[in-house]
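Engineer: need a 3D model of the sequence below.
(one chain, ligands or ions: 1)
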Amino acid sequence: SSDSTTDKHVAVFPFPFGTHVVPILNLVLRLSQATPNCSFSFIATHKCNALHFAKPHNPSNIKPYSITDGIPYEGHPLANHPIEKVNFFLSTGPDNLRKGIQMAEEDTNKKVTCIIADAFVPSSLVVAQSLNVPWIAFWPPMSCTLSLYFYIDLIRQKFANCDEDARFDISPGLPKMCVQDIPQDLLFTGEKETVFSRTLVSLGKVLPQAKAVVMNFFEELDPPLFVKDVRSKLQSMLYVVPVRFPVLLSGADPSGCLSWLDSNRSMSVIYVSFGTVVSPPPHEIVAVAEALEESGFPFVWSLKENMMGVLPDGFVKRTLMRGKVVPWVPQTQLLGHDSVGVFVTHCGSNSVTESISSGVPMICRPFYGDQMVGARVIEDVWKIGVTIEGRVFTKNGFIRSLNLILVQEDGKKIRDNVLKMKKTVEDASRPEGLSSASNFKTLVELISSS
Ligand code: UDP
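Structural biologist: The predicted model follows:
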């Protein structure tokens with residue numbers, strides 16, 4: 001009953017970078033509705049909170065608290081690399097997280113009774129242990145990359161001095177992988193180590209200490225052997241379907257992409273986006289543009305403003321009648337539009353989930369982290385897309401992939417496969433849906449009884 005959670009207080013620690021924040025906030029929004037009397041304290045950097053709590057849309061039982069990002073002083077020079085900020089934040093360790101808890105406890109007048117944290121903030125486990133409260137970890141990357149963290153020794157041994165193309169079995173249920181598939185941080189040793197790489201390498205030992213690991217995906221879609229293997233290593237592994245709250249959707253469509261799509265044939269339009277972090281090198285941007293121009297297909301390209309200057313001279317003008325290059329699109333709605341026939345993606349976990357949920361096949365150009373394993377699984381296990389030849393855009397290689405998916409008979413199988421997955425997602429997302437609904441209940445019970 002609602003009364004039983006009145007004295008409950010969940011501290012939430014997102015990994016306050018990139019799109020890790022959106023899925024954990026969606027989960028917390030859902031939990032806060034299920035337990036309206038429980039307090040949720042969202043403890044993150046000021047920048048992260050300012051971004052995600054800008055609009056006054058949150059239920060009254062979720063409140064943000066800001067802790068330091070670890071950057072030594074304002075205006076401190078940062079190398080042009082996103083990982084540097086991550087290293088600063090992770091270096092602040094458990095003490096910084098404890099300050100957030102202290103603020104939240106004073107403000108709510110309730111002791112923290114449970115911690116939910118992004119798995120990439122494992123110092124929150126130390127905090128949970130010292131408070132003697134359960135630690136629940138949340139896994140936003142591609143679900144199937146989780147097993148890699150249990151096979152680090154094997155990975156290091158196999159890939160220490162191997163050929164670029166040599167492929168090995170690493171973990172049950174996943175396809176054979178080559179050195180390029182592995183998140184490179186897992187291979188760093190000695191001087192190459194960073195706070196972030198050490199954090200990632202620790203996860204195989206840390207995650208089994210979680211009361212539960214919450215997977216942001218669909219159990220029905222992951223390879224059964226993978227699920228079985230990882231589950232055997234954890235206390236509990238709860239797949240909870242990613243639910244998106246409308247308030248967190250970037251619903252605005254300033255460039256009118258959605259209405260423009262209305263005028264196109266079903267499954268004919270190419271959608272290109274590399275997410276919020278990655279910027280492909282200029283020669284690849286040029287190759288993408290040349291292929292789009294030469295192939296003649298209609299397209300929408302979400303391209304960061306600062307990359308537009310790299311486009312070939314006159315490209316936008318010449319393709320104006322059948323193409324749109326815009327800095328931002330409402331991606332989930334766009335993928336859900338009947339005209340979109342293929343998603344050219346970097347394989348960020350959110351993008352992959354959104355593509356599957358809309359039944360759109362993918363052309364993959366993975367860049368780093370979990371994206372390469374994602375591309376492998378998309379191509380080899382799910383068979384719902386292809387990886388770009390040589391993993392680098394060239395004009396002709398890209399045109400071949402486009403023809404395969406949009407035109408050729410072989411592509412039909414790929415399109416059919418992803419439509420089947422879409423159906424599975426729809427079934428899993430129903431209120432009475434298979435495992436997810438009962439997993440969510442289990443999670444609510446965990447919070448309510450701690
Ligand atoms: N996105 C969007 N419009 C854009 C580009 C991206 O709405 O023009 C959203 C997309 O729907 C997804 C997120 O940004 O939810 C990107 O997350 P993902 O995990 O795919 O990649 P990341 O940005 O973390 O690399």
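Engineer: okay, how far is it across stretch 400-417, tip to tip?
Structural biologist: From its first residue to its last, stretch 400-417 covers 20 Å (C-alpha to C-alpha, to the nearest Å).
Engineer: so residue 343 sits in a strand?
Structural biologist: Yes - assessed by DSSP: H, G, I helix; E, B strand; the rest coil, residue 343 belongs to a strand.
Engineer: just the pLDDT for it.
Structural biologist: Here the pLDDT value assigned to residue 343 is 98.
Engineer: same deal with residue 428?
Structural biologist: Looking at residue 428, its pLDDT stands at 84.
Engineer: and for residue 329, the neighbour number?
Structural biologist: Neighbours of residue 329 under the rule other C-beta atoms under 10 Å: 23. Every C-beta, even on glycine, is put in place using the N, C-alpha and C of the backbone.
Engineer: I'd assumed it was in a helix, is it?
Structural biologist: No - using three-state DSSP, the assignment for residue 329 is coil, not a helix.
Engineer: that one against residue 252, yeah?
Structural biologist: No - under the criterion of C-beta atoms under 8 Å, residue 329 is not in contact with residue 252, lying 9.6 Å apart.
Engineer: so which bits of this structure are right by the ligand?
Structural biologist: 18-19, 250, 273, 275-278, 302, 328-332, 348-351, 354 (C-beta under 6 Å from any ligand atom).
Engineer: the residue lying closest to residue 147 once chain neighbours are set aside: neighbour count?
Structural biologist: Using C-beta to C-beta, 6 or more residues apart in numbering and skipping residues adjacent in sequence, the residue nearest residue 147 is residue 171, 4.0 Å away. Other residues within reach of residue 171 by the criterion other C-beta under 10 Å amount to 22.
Engineer: do the same with the one 10 residues further on
Structural biologist: By other C-beta under 10 Å, the residues close to residue 181 number 24.
Engineer: need the contact list for it.
Structural biologist: By C-beta atoms under 8 Å, 6 or more residues apart in numbering, the residues touching residue 181 are 372-373, 376.
Engineer: distance of it from the ligand?
Structural biologist: 17 Å (C-beta to the nearest ligand atom, to the nearest Å).
Engineer: now do the helices in the stretch 251-400 of the chain.
Structural biologist: Assigned by DSSP state H, counting those that start in this stretch, the stretch 251-400 of the chain shows helices spanning 257-262, 282-295, 315-318, 331-335, 349-358, 371-376, 395-406.
Engineer: what's the closest of those helices to residue 184?
Structural biologist: With C-beta to C-beta as the measure, helix 371-376 is the member of the helices of the stretch 251-400 of the chain nearest residue 184 (9.3 Å).
Engineer: other SSEs contacting that closest one?
Structural biologist: Using 3 or more C-beta pairs under 8 Å, 6 or more residues apart in numbering; DSSP states H and E as the contact test, the elements touching helix 371-376 are strand 362-364, strand 385-387.
Engineer: returning to what we had before: look at the residue nearest to residue 147 and give its secondary structure.
Structural biologist: At residue 171 the chain is in coil, as set by three-state DSSP.
Engineer: test my guess that it contacts residue 155.
Structural biologist: No - in this structure, residue 171 is not within contact of residue 155 by C-beta under 8 Å, at 9.1 Å.
Engineer: intersection of neighbour lists for the two?
Structural biologist: Residues touching both residue 171 and residue 155 (C-beta under 8 Å, 6+ apart): residue 148.
Engineer: ok now stretch 371-388, how far from the chain's centre?
Structural biologist: Remark: stretch 371-388 is offset 15 Å from the chain centroid, using C-alpha atoms, centre = their mean, to the nearest Å.
Engineer: and it, how far apart are its ends?
Structural biologist: The separation between the terminal residues of stretch 371-388, taken as C-alpha to C-alpha, is 13 Å.
Engineer: mind listing what's buried along that stretch?
Structural biologist: For stretch 371-388, the neighbour count (16 or more other C-beta atoms under 10 Å) marks 371-379, 381-388 as buried.
Engineer: please apply the same query to stretch 127-136.
Structural biologist: Using 16+ other C-beta under 10 Å as the test for burial, stretch 127-136 gives 127-128, 131, 133-136.
Engineer: which members of the residues you listed are positioned in helices?
Structural biologist: The helices, defined by DSSP state H, take in 127-128, 131 from the buried residues of stretch 127-136.
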